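Engineer: The amino acid sequence is not available; the structure is as follows:
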């Protein structure tokens, strides 16, 4: 089953290639971090700055599916790069890392098993 991904393009036209990259990265994130409830990606190409060229900006927000009793966690990351694929890859990696640590922090301290305590 595919990951529910919502992609928004700002200041540029949507491309099938970019959509395929986003879906590929989202599925990779799902295999490494479990089921995702939603994934929202904003891709933009800001106006040209003086002498800096144009960089793509990718903003990824990921919300995992939670089981009963788990607190809600969400990860968001932004990356800028002159190549769109690299901006997307870096943003998804950062979101995955933040998702891991956010969910780990929200899980709280683990209770020792009764076998280990004895």
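Structural biologist: Received, thanks. These figures come from a predicted structure and were not determined experimentally. Numbering: from 1, shown residues only.
Engineer: switch to C-alpha atoms for all contacts and neighbour counts from now on
Structural biologist: Noted.
Engineer: Kindly state the beta-bridge partners for residue 41.
Structural biologist: residue 7, residue 60 (DSSP bridges).
Engineer: Near it, how many other residues are there?
Structural biologist: 24 (other Cα atoms under 10 Å).
Engineer: How about residue 3?
Structural biologist: Residue 3 has 18 nearby residues by other Cα under 10 Å.
Engineer: Then it would be within a strand, right?
Structural biologist: No: membership of residue 3 in a strand is not supported by DSSP: H, G, I helix; E, B strand; the rest coil, which gives coil.
Engineer: can you pull the contacts of it?
Structural biologist: 23, 26, 27, 30, 36, 37, 38, 39 (Cα atoms under 8 Å, 6 or more residues apart in numbering).
Engineer: likewise residue 43?
Structural biologist: Contacts of residue 43 by Cα under 8 Å, 6+ apart are 7, 8, 9, 10, 56, 57, 58, 59.
Engineer: Mark which of those are buried, thanks.
Structural biologist: Applying 16 or more other Cα atoms under 10 Å to the contacts of residue 43, the neighbour count classes 7, 56, 57, 58, 59 as buried.
Engineer: Those: which two are farthest apart?
Structural biologist: Farthest pair in those (Cα to Cα) is 7 and 56. Separation: 14.3 Å.
Engineer: Now do the strands for this protein: every range, in order, please.
Structural biologist: Assigned by DSSP state E, the chain shows strands spanning 5-10, 36-44, 56-64, 75-81.
Engineer: Dump the ones you listed into JSON lines; add mean pLDDT and distance to residue 100 as well.
Structural biologist: Shown next, in JSON lines, are the strands of the chain (pLDDT from 0 to 100; distance: least, Cα to Cα, whole Å):
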{"stretch": "strand 5-10", "mean pLDDT": "92", "distance to residue 100": "19"}
{"stretch": "strand 36-44", "mean pLDDT": "87", "distance to residue 100": "12"}
{"stretch": "strand 56-64", "mean pLDDT": "86", "distance to residue 100": "10"}
{"stretch": "strand 75-81", "mean pLDDT": "80", "distance to residue 100": "9"}
